[in-house]
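Enquirer: structure, please.
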Amino acid sequence: MAKDASSSLQQNLSIGLPPTTPPPPRPPLLSHYDVFLSFRGEDVRGKFVDHLYSRLRGLKINVFMDSKTMSRGDVIEKSILTAIERSRVFVVLFSSRYADSMWCLDELVKITRCAKRKGHVAMPVFFHVSPDDVAGQTGVYEEAFVNHEKGGFKKKRVENWRKALIAVAGISGWCFGENE
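Expert: Here you go, the predicted model:
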């Protein structure tokens, strides 16, 4: 039987069928990140997130942090979404104003989709906020969503934000209070 298959292949080649050509090579990914840091800059930049970034880099971990990794002229949204796709672990720093930012919430939706689709890991850090407030969208998170709903965002987009918050806040993470 194997001889018949072999002779059939030789016959096809001899009658002038075009050889099967491999598809063109994909362009290589520019970089992969071990960790992607998602955070609201005005809450934690220059404080907790900079210390975390420095510590991870000191451990030779390749980290994406927008202000440290992106170059002048980079398209912010595209660069961030591409970095999420190319990251293995997502550290999400929930802070008091995280949910105020549609950028942060859009990032979080992309993170949850990548974590689900690719099996990557999301790790929450609750910085001066309760995991219950994040998951239940109460307190400052409730206020943020009241503003988003008044702001005219599409209902589906707001629902995706809510689902992403619930998903990531439901993962065991770290809590840092006022004095830590």
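
Enquirer: can you show me the helices along the protein?
Expert: 2-14, 41-44, 48-58, 66-69, 76-85, 102-118, 131-136, 140-150, 155-169 (DSSP state H).

Enquirer: in this protein, where is pLDDT below threshold?
Expert: Low-confidence segments of the chain (pLDDT under 70): 1-31, 67-77, 178-180.

Enquirer: one step back: dump the helices of the chain to a markdown table, plus distance to Phe176.
Expert: Yep, even glycine has a C-beta here, placed from its N, CA and C like the rest. Shown next, in a markdown table, are the helices of the chain (distance: least, Cβ to Cβ, whole Å):
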| stretch | distance to Phe176 |
| --- | --- |
| helix 2-14 | 64 |
| helix 41-44 | 10 |
| helix 48-58 | 7 |
| helix 66-69 | 21 |
| helix 76-85 | 23 |
| helix 102-118 | 18 |
| helix 131-136 | 12 |
| helix 140-150 | 16 |
| helix 155-169 | 15 |
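
Enquirer: tabulate those helices (JSON lines), appending distance to Gly177 and mean neighbour count.
Expert: As requested, the helices of the chain are exported to JSON lines (distance: least, Cβ to Cβ, whole Å; neighbours: other Cβ atoms under 10 Å):
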{"stretch": "helix 2-14", "distance to Gly177": "69", "mean neighbour count": "9"}
{"stretch": "helix 41-44", "distance to Gly177": "14", "mean neighbour count": "18"}
{"stretch": "helix 48-58", "distance to Gly177": "12", "mean neighbour count": "16"}
{"stretch": "helix 66-69", "distance to Gly177": "25", "mean neighbour count": "16"}
{"stretch": "helix 76-85", "distance to Gly177": "28", "mean neighbour count": "16"}
{"stretch": "helix 102-118", "distance to Gly177": "21", "mean neighbour count": "18"}
{"stretch": "helix 131-136", "distance to Gly177": "12", "mean neighbour count": "18"}
{"stretch": "helix 140-150", "distance to Gly177": "15", "mean neighbour count": "16"}
{"stretch": "helix 155-169", "distance to Gly177": "16", "mean neighbour count": "17"}
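
Enquirer: so which of those gets nearest Ser96?
Expert: When the helices of the chain are compared by Cβ to Cβ, helix 140-150 sits nearest Ser96, at 5.1 Å.
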